[in-house]
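> quick one, structure for this:
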Amino acid sequence: MVAVVKSGVIDFIVFIIRIFATLVAAVVSNVFFFWPRKYKNISGDAILITGGGKGIGRVIAVEFAKRKPKQVISEI
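Next up, the predicted model:
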């Protein structure tokens with residue numbers, strides 16, 4: 001009888017620890033997701049953008065142009 005009670009208590013403690021660990025992991029991952037990132041200074045660096053004529057490639061080219069690198073844009 002004592003072994004069954006101890007087993008139940010241990011299972012409950014393990015359950016609470018797992019819930020706590022899950023909550024901590026969720027909070028930590030969200031903090032790092034929304035934490036502002038430092039971007040590399042690319043002014044003067046050479047970059048190559050393929051498909052820069054339209055769509056996502058064009059948006060990427062425009063965003064990189066704001067940072068003043070030496071750009072090579074190709075469209076096939």
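
> pLDDT on the longest helix along the chain, on average?
Ranked by residue count, the top helix of the chain under DSSP state H comes out as helix 2-34. Mean pLDDT, helix 2-34: 85.

> and this structure, what are its domains?
Taking automatic domain parsing as the criterion, the chain consists of the domains 1-37, 38-76.

> centre-most residue in this structure?
F33 (5.3 Å; CA atoms, centre = their mean).

> contact partners for that one?
Contact analysis of F33 by CB atoms under 8 Å, 6 or more residues apart in numbering lists nothing. (C-beta placed from N, C-alpha, C; glycine too.)

> ok, it to I76 distance?
35 Å (CB to CB, to the nearest Å).

> now do I47
Counting by CB to CB, the gap from I47 to I76 is 18 Å.

> those two - which one has more neighbours?
Taking neighbours as other CB atoms under 10 Å, I47 and I76 compare with I47 leading, 15 against 5.

> so where does the more buried one fall, helix or strand?
Applying DSSP states H and E as the criterion places I47 in strand 46-50.
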